[in-house]
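J.: Sequence and predicted structure are below.
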Amino acid sequence: RLTAYFRRKCVAATDDRVQKMNEVLTYIKFIKMYAWVKAFSQCVQKIREEERRILEKAGYFQSITVGVAPIVVVIASVVTFSVHMTLGFHLTAAQAFTVVTVFNSMTFALKVTPFSVKSLSEASVAVDRFKLPSTV
């Protein structure tokens, strides 16, 4: 959900920037004639900074999810063995290797999950944008 939120905000900022640039290109003669170049360039720069800030936050979030995914397997193994031993059960080598193998088989799925979630949320935002003009 957070990835889709960042994507929606970024798309909105990009739309604002593109709209402002189209306006500038359409009325460039008037902008230059009345010396509004500085005002329009500041407006476009402000929109670009907002867009960059949103993309930066989305990048940080993506980095955290990608960085945490491989650690989850190790933490799950340690917690599983700790709880097993704390409850007083005996841990054999066969049980330990089986549990480690099962958790390691989940590693690939956990590594791919953040990218899958990002792609799905971007697709969801894109589909919503396609639906918007058809309802107007």
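T.: Right, received. Where do you want to start?
J.: For the protein, which segments are assigned as strands?
T.: Under the criterion DSSP state E, strands are not mapped anywhere in the chain.
J.: need the longest helix for it.
T.: Longest helix of the chain, by residue count under DSSP state H: helix 37-86.
J.: Output the contacting helices and strands for that helix.
T.: Counting contacts by 3 or more Cβ pairs under 8 Å, 6 or more residues apart in numbering; DSSP states H and E, helix 37-86 packs against helix 2-26, helix 93-105, helix 107-135. All C-beta atoms are positioned from the backbone trio N, CA, C, and that covers glycine.
J.: ok, and what's touching the first one?
T.: Taking Cβ atoms under 8 Å, 6 or more residues apart in numbering as the criterion, the residues outside helix 2-26 that touch it are 31, 40, 43-44, 47-48, 50-51, 54-55, 57-58, 61-62, 117-118, 121-122, 124-125, 128-129.
J.: cutoff 7 Å now
T.: Outside of helix 2-26, the residues within contact range by Cβ atoms under 7 Å, 6 or more residues apart in numbering are 31, 40, 43-44, 47-48, 50-51, 54-55, 57-58, 61, 117-118, 121-122, 124-125, 129.
J.: what is the mean pLDDT for the longest helix of the chain?
T.: Throughout helix 37-86, pLDDT has a mean value of 89.
J.: circling back to that earlier point, deepest-packed of the helices and strands packed on helix 37-86, please.
T.: Comparing the helices and strands packed on helix 37-86 by mean neighbour count (mean count of other Cβ atoms under 10 Å), helix 2-26 ranks first with a mean of 15.
J.: what mean pLDDT would you report for that helix?
T.: If you average the pLDDT values across helix 2-26, you get 88.
J.: what's the angle between that helix and helix 37-86?
T.: Inter-element angle recorded for helix 2-26 and helix 37-86: 170 degrees (by axes from the mean of the first three to the mean of the last three Cα atoms, to 10 degrees).
J.: please begin residue numbering at 458 from this point
T.: Got it, first residue is 458 now, which makes that one helix 459-483.
J.: okay, the angle between helix 459-483 and helix 564-592?
T.: 50 degrees.
J.: Figure out how far helix 459-483 is from the centre of its chain.
T.: Here the centre of mass of C-alpha atoms in helix 459-483, compared against the chain's by Cα atoms, centre = their mean, to the nearest Å, lies 17 Å away.
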